[in-house]
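Enquirer: please find the sequence and the predicted model below.
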Amino acid sequence: MVVGGGGGAAPTPPLPPSSVAKHGPVFRSHLVGIPCVVVTSAPDIAAVMFGEHRVTEWYGVPSFTRLLGRSADASVQASKERHGRRRRQQATAFTPDALAGYAPRVEAATRSALARWAAATGEAGGVDLYAALNVLTFDYAAATVVDLGLTREARAEVLAHWTAFTTSLFSLPIDAPGFPLRRGLRAKARVVAALGDAVEAYRQAAGKETPSTMLGHYVAARAADGDPVDAEELVDTTLGLLLAGHETSHSAHVALLGLLPALGADVRAALEAEQAAVVAAHGDLLTPAALAAMPVADAVSKECLRILGPAEGLFRRATADFALSGRRVAAGDVLYVSNLYAKASDPGLGGIKGGVLPPAHMDANAAASSVRPDRWLGGPDPAPSADSFGLAFGLGRHACLGAPLYAMEAKALLAVVVREYDVAIVSATAWSPSWAAQGSRFRAGKAGIKIAFARRAAPLVAGGGGGAVGAAAPAGAAA
C-alpha cells in the first residue's frame, strides 16, 4: 500500500546473480525500456531513498504517470514543499482515530471473504488465491478509500476494469491498438465513469461532514488548508488511493496466506495461543486494542514481507552527481532500486550463496525452515541486517503512509483464519522455485496457488475455547 507519493512500484525484473557478480551491487541496465542505474544493496538503497529532495527525486515511468494522471504529477512529487503539503493532508487518513474507524469494515470484509472461500472450497475443492485476494483487497480499498455504494455484482464489474487498468501501469508507453497502455486508458475511463457521483459528493461535502474514509479525510484536510480541489484532480487522487489500497496489499497478502499453511508447527501453535489470549482479553471483535495485542501475528506478516513485499522495485531520478558503492551516478540518471535483491543478499541472513536464487532464507518451497517470524521477536533466529519493513513500504520522505493499514489487514486476516478456519495447500506446485516467478509478484498464471479453507468445528470464540491452545496443527493446516 504505497500512499503519499511513494508510488512508482514496479514488477521486479529478474536480476541474474551474474549481473551483480560481474558488475557489483550498482550497475547500468535497461528496464521497461528505460536506461537506468540498478541498485541492489540495502545501504545503497537507503542512500537513494533518504536522498529525496536532496540528490534524488521521485520518478514515474511514462505509462504509470499517463494512467494515474494528476495523482502522479511529477512536479508535485519532486517538490519538497508541495509534496510535503499533500503528504500531510493525506496523513490525516492514517491517524490512530482514522484507522480505528476502518477496523470494523476491514473485519467485515475479511469474514465475508473467508466464508465465501470456504463455500467455494466445498464446491470446487479450493480457491485460486491470487483471484480471491484480488477481490478481497479491492473490497478493503472500497471500504476504506471511498464508499461507492455499489452492489457486489456492480463492484465485480468495476473490479474487472480496474484489473485491466492496473496491469497496464508498467508497460511500453505506446498508445496504439493492441498495446497494454491503450487497454489501460479504456479501462480507466470505465472505472472513472463508475466512480461517478460518489467522488463528486466527497468534493461537495469537504469540511461539512465528519470524514470516515481516506478520501473524506483528504478533502477535509484540503478544505481546512483552504486548498480548492477540482473534480478531475479528486478523481485521479481517488484512483491513486485505490491503487495504494488494493494493488500493493494484494501482492503482500498473497504471500501471507500462501505461506501460512506451510509454516512450522511451532509458529502455528504460537499464533493459536496468541489468538486464544486475545479473545479471552478482548472478546471476538477485532478492535484496535485487540489488534495491538498480536505481536506474533505482526511478526508473521513482517516475515512474509521479507519473502515477498508489495513494492519490490522502485524508480527514482538523480538530481545531482553522487556515488554509490564507488560507482558514479550522474544528475539525470534514472535509478531502479531492487528491494527484492537487497533482501535476498542480506548478509545477516547469509546472503546469496553459490549464485543460487532464491537463497535458502527466501525459498518459499521450504517455508517451515525459511519463514521464521521469531527473528522479529528477539528470538534465536538470525535477524535481517536491513530494515525489511522499510524496504517493503519505502524509506525517507516518500515512505508509505498506509503501512499501518496494511498491518491491520494482515493481522485481521491471520486472526480470523487462525481462530475459525483450517487451511491447506491444494495445488502441489503452489510456489514456483523460479526467481523470475517470485519477482513478478505472483501475477496470474505465474504461481497458480490453490488453497482450501474449511470452517473449524470448534473455533476460538469468547466463552468457548476451540481446542488445546498450543497444540500442533495437522500437517498442511494452519490451526
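Expert: The structure has been received and is ready for your questions.

Enquirer: give me every residue that touches residue 135.
Expert: The neighbours of residue 135, taking CB atoms under 8 Å, 6 or more residues apart in numbering as the test, are 113, 156, 159. For the C-beta atoms, the positions are set from N, CA and C on the backbone; glycine is no exception.

Enquirer: repeat that with 7 Å
Expert: residue 159 (CB atoms under 7 Å, 6 or more residues apart in numbering).

Enquirer: where does it sit: helix, strand or coil?
Expert: Secondary structure state of residue 135, per DSSP: H, G, I helix; E, B strand; the rest coil, is helix.

Enquirer: help me confirm that residue 99 comes into contact with residue 405.
Expert: Yes: the pair residue 99 and residue 405 qualifies as a contact (CB atoms under 7 Å) at a distance of 6.4 Å.

Enquirer: which of the two has more neighbours?
Expert: residue 405 (26 against 19; other CB atoms under 10 Å).

Enquirer: contacts for the helix or strand where the more buried one lies?
Expert: For residue 405, the element it lies in under DSSP states H and E is helix 403-420. Counting by CB under 7 Å, 6+ apart, helix 403-420 makes contact with 1, 94, 99, 102-103, 106-107, 110-111, 114, 140, 144, 249, 252-253, 256-257, 260, 271-272, 275, 279, 286, 291, 294, 297-298, 300-301, 393, 423, 455-456, 459-460, 478, all of which sit outside it.

Enquirer: so of those, which ones are in helices?
Expert: 99, 102-103, 106-107, 110-111, 114, 140, 144, 249, 252-253, 256-257, 271-272, 275, 279, 291, 297-298, 300-301, 393 (DSSP state H).

Enquirer: hmm, which of those are the buried ones?
Expert: Among the ones in helices among the contacts of helix 403-420, those that count as buried by neighbour count (16 or more other CB atoms under 10 Å) are 99, 102-103, 106-107, 110, 114, 140, 144, 249, 252-253, 256-257, 271-272, 275, 279, 291, 297-298, 300-301, 393.

Enquirer: low-confidence ranges, the protein, go.
Expert: Low-confidence segments of the chain, defined by pLDDT under 70, are located at 1-18, 354-355, 387-389, 428-448, 463-479.

Enquirer: strands of that one, start to end?
Expert: Taking DSSP state E as the test, the strands found in the chain are 26-31, 34-39, 56-58, 127-128, 313-318, 322-324, 327-329, 334-338, 421-425, 450-455.

Enquirer: okay if I get those strands as TSV plus mean neighbour count and distance to residue 165?
Expert: Compiled in TSV, the strands of the chain are given as follows (neighbours: other CB atoms under 10 Å; distance: least, CB to CB, whole Å):
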stretch	mean neighbour count	distance to residue 165
strand 26-31	16	21
strand 34-39	20	21
strand 56-58	23	21
strand 127-128	21	21
strand 313-318	23	19
strand 322-324	16	34
strand 327-329	16	33
strand 334-338	24	23
strand 421-425	21	31
strand 450-455	20	26
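
Enquirer: nearest to residue 200, of those?
Expert: With distances scored as CB to CB, the stretch of those nearest to residue 200 is strand 56-58 (28.5 Å).

Enquirer: and the closest one, what does it pack against?
Expert: Under the contact criterion of 3 or more CB pairs under 7 Å, 6 or more residues apart in numbering; DSSP states H and E, the helices and strands touching strand 56-58 comprise strand 313-318.

Enquirer: okay, angle between the strand it packs on and strand 334-338 too, please.
Expert: For strand 313-318 against strand 334-338, the angle by axes from the mean of the first three to the mean of the last three CA atoms, to 10 degrees is 150 degrees.
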